[in-house]
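K.L.:
Sequence first, then the predicted structure:
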Amino acid sequence: MKNKLLVKVFSSGLQAMSVQVLGAFFFYFISIYISKNDFGVISWTNAVSIFITTLLGFGLEQVVVRRIAASRRSDWAAAAFFFHAVVGFILTFALLLFFVGLLKNQESIYKVLPWFFLAQGILFIGIPLKQFLNAKEQFTPYGVIAIVSNTCKIVTAWLLMKQGILHLETILLILIGTAVFELCCLLIYLLVKNSFSFRFQFRAYLKLIKESSSQYLSVIFDMSLSRMDWILLGIMTSSSVLADYSFAYRAYELARLPMLIMAPIILPRFARLLTNNNVLDIWYQKYINSFNITELFFAALIPLVLNILWIPLLNLITNGKYGESNSLEFLILSLCIPLQFFINTLWSLSFGAKKYKAVSYITIICAVANVTLNLILISKFTGLGAAVAFLATTLLQAGLYYRLVQREIMAISLRPIVIFTVEAIVIYFITMGIHVNFIVQLIIAIVLYLLITLLTRQITKQHLNNFKHLLSK
């Protein structure tokens, strides 16, 4: 059982690391060698492209995973989603080319949008295939594909940089080429394994659309929570401001890597546990609370470490291009990391219990609040305003999900996230006030955090055992 758990965590981690770590490294690499203006253009067009593919997805992604994970007879859902993705991509790409062709005096940021969408759209076609494998808890195949793809991105960008031809157009070609590679590899793998049927059933497709429609607005607004600030910054400020913010935001996204490893593992488990009338056994409630405590213990440590390293490390690796210019933005965004871990657990419970309508309401409320705050704060404080808006919205989202889970699913404690986060903040300011080398500051901060949490028994061996037990089921 222990080996089985380690294999699943490793394979899920392989996928998350290949996508998040290597993907982020590619963008950090190009950010050093291209202008802030071009990096801002790439960030904006990527954000818009992801938003468009989210609209096209119609909320099918999560529904397909839940269906396949809960029943082997629902494998048809992935084929239906694949058909939907192909048709939606072709029509949208054609429309973008048409409308951009109508524009006169095109700015580069709009001129390249269809081609950045082409890269993102090809990846979108592969999502049903990837989610089919994830629902089966087969994380390794796409993990290997993504490692090869992202390594090729980095190596190609390095070769182009050495030749002095790393610029917006060549970066776009890299993104399109690797997207085609990933899609072809997924198709070949599934065809060879004979584990995926491409047979399309129209009635089944309509059934799937009907099920996902209840949370379609939720998915759209959920996407706006993570990228609307980028889009608005690109419209309301300069590409340089967006470059600073998007650099800090990508670092924040990368810092959530452990959560991304856990997410595809816990969602199928919660879906199975909540299959029968959404009632959780008292022992499973205990395991879930231990899971929450253990996860938040590590989650609060992440921003503590990264904020100590941020300025000295980035000044070193980017020659001062990034670091001090966006340190406050990253500090504010990093406060959302423990909240995001907490939200992911609450969301997984809510989604596993099929609380689609409640999830939709929460997401819409938070998205509207996010857009409103961004419009107000970006106009006054640019990137810093976007970071504050994101933190405020994340707090609101955590509060609403906590209320939903507490009322309708199970009792879950707020104490861990409050205690661990406050401890990390206090320790950060204490260590930053000690004028020594940043490596010494980092060691002092980690030791203090571990001593306080372990000596006060905020986390115990029993919590760790319950954590492992839940993941082993």
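P.N.:
Looks like it came in fine. Numbers count the residues shown, from 1 in each chain.
K.L.:
quick check: mean pLDDT across stretch 135-149?
P.N.:
Taken as a whole, stretch 135-149 has a mean pLDDT of 82.
K.L.:
what residue lies at the spatial centre of this protein?
P.N.:
Nearest to the mean C-alpha position of the chain, by C-alpha atoms, centre = their mean, lies Glu253 at 6.1 Å.
K.L.:
where along the stretch 351-473 of the chain do the helices fall?
P.N.:
For the stretch 351-473 of the chain, helices defined by DSSP state H, counting those that start in this stretch occupy the ranges 356-408, 415-432, 438-455, 461-472.
K.L.:
picking that back up, list the residues that contact the residue nearest to the centre of the chain.
P.N.:
Gln20, Ala24 (C-beta atoms under 8 Å, 6 or more residues apart in numbering). (Glycine included, C-beta is placed from N, CA and C.)
K.L.:
pLDDT score for it?
P.N.:
Note on Glu253: pLDDT of 88.
K.L.:
And for Thr382?
P.N.:
For Thr382, the pLDDT comes out at 94.
K.L.:
mean pLDDT for the helices of the stretch 351-473 of the chain: which is lowest?
P.N.:
Of all the helices of the stretch 351-473 of the chain, mean pLDDT reaches its minimum on helix 461-472 (a mean of 83).
K.L.:
from the chain's centre, how far out does that one sit?
P.N.:
25 Å (C-alpha atoms, centre = their mean, to the nearest Å).
K.L.:
do stretch 376-389 as well
P.N.:
Here stretch 376-389 is found 22 Å from its chain centre; the criterion is C-alpha atoms, centre = their mean.
K.L.:
Show residues contacting that stretch.
P.N.:
For stretch 376-389, contacts defined as C-beta under 8 Å, 6+ apart pick out 229, 232-233, 236-237, 241-242, 244-245, 248, 326, 328-329, 332-333, 370, 373-374.
K.L.:
Could you list which of these belong to helices?
P.N.:
Members of these lying in helices (criterion: DSSP state H): 229, 232-233, 236, 241-242, 244-245, 248, 328-329, 332-333, 370, 373-374.
K.L.:
Looking at the residues you listed, state which has the most neighbours.
P.N.:
Within the ones in helices among the contacts of stretch 376-389, most neighbours by other C-beta atoms under 10 Å means Leu242, with 31 neighbours.
K.L.:
Check the contact between that one and Ser43; I expect there is one.
P.N.:
Yes - if you go by C-beta atoms under 8 Å, Leu242 and Ser43 touch, sitting 5.6 Å apart.
K.L.:
any weak-confidence spans in the stretch 1-150 of the chain?
P.N.:
By pLDDT under 70, the low-scoring segments of the stretch 1-150 of the chain are 1-18, 66, 69-74, 104-108.
K.L.:
Do you have the helices of it handy? List them.
P.N.:
Assigned by DSSP H, counting those that start in this stretch, the helices in the stretch 1-150 of the chain fall at 2-16, 22-33, 36-57, 60-70, 76-102, 108-111, 113-135, 140-162.
K.L.:
How many neighbouring residues does Arg415 have?
P.N.:
Neighbour number of Arg415 under other C-beta under 10 Å is 10.
K.L.:
And it, how far from Tyr402?
P.N.:
12 Å (C-beta to C-beta, to the nearest Å).
K.L.:
and what of Leu346?
P.N.:
Between Leu346 and Tyr402 the computed distance is 6 Å (C-beta to C-beta).
K.L.:
more crowded one of these two?
P.N.:
Between Leu346 and Tyr402, Leu346 has the larger neighbour count (other C-beta under 10 Å), namely 24 against 17.
K.L.:
Against Phe221, how distant is the more buried one?
P.N.:
Counting by C-beta to C-beta - Leu346 and Phe221 are separated by 17 Å.
K.L.:
thinking again about what came up before, between Leu242 and Ser43, which contacts overlap?
P.N.:
Jointly contacting Leu242 and Ser43 under the rule C-beta under 8 Å, 6+ apart are Trp230, Gly234.
K.L.:
Off-centre distance for stretch 245-259?
P.N.:
On the basis of C-alpha atoms, centre = their mean, stretch 245-259 sits 8 Å off its chain's mean C-alpha point.
K.L.:
Check stretch 205-215 too.
P.N.:
Between the mean C-alpha location of stretch 205-215 and the chain-wide mean there is a distance of 24 Å, by C-alpha atoms, centre = their mean.
K.L.:
mind starting the numbering at 607 from now?
P.N.:
From this message on, residue numbering opens at 607, which makes the last subject stretch 811-821.
K.L.:
Buried ones in that stretch, by neighbour count?
P.N.:
By 16 or more other C-beta atoms under 10 Å, the buried positions in stretch 811-821 come out as Tyr811, Leu814, Ile815, Glu817, Ser818, Gln821.
K.L.:
who touches it?
P.N.:
Identification of contacts with stretch 811-821 by C-beta under 8 Å, 6+ apart yields 664-666, 668-670, 673, 683, 686-687, 689-690, 962-963, 965-966.
K.L.:
circling back: a markdown table for the helices of the stretch 607-756 of the chain, including mean neighbour count and distance to Ile872?
P.N.:
Formatted as a markdown table, the helices of the stretch 607-756 of the chain follow (neighbours: other C-beta atoms under 10 Å; distance: least, C-beta to C-beta, whole Å):
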| stretch | mean neighbour count | distance to Ile872 |
| --- | --- | --- |
| helix 608-622 | 16 | 10 |
| helix 628-639 | 19 | 23 |
| helix 642-663 | 22 | 22 |
| helix 666-676 | 23 | 11 |
| helix 682-708 | 17 | 20 |
| helix 714-717 | 15 | 39 |
| helix 719-741 | 23 | 12 |
| helix 746-768 | 18 | 18 |
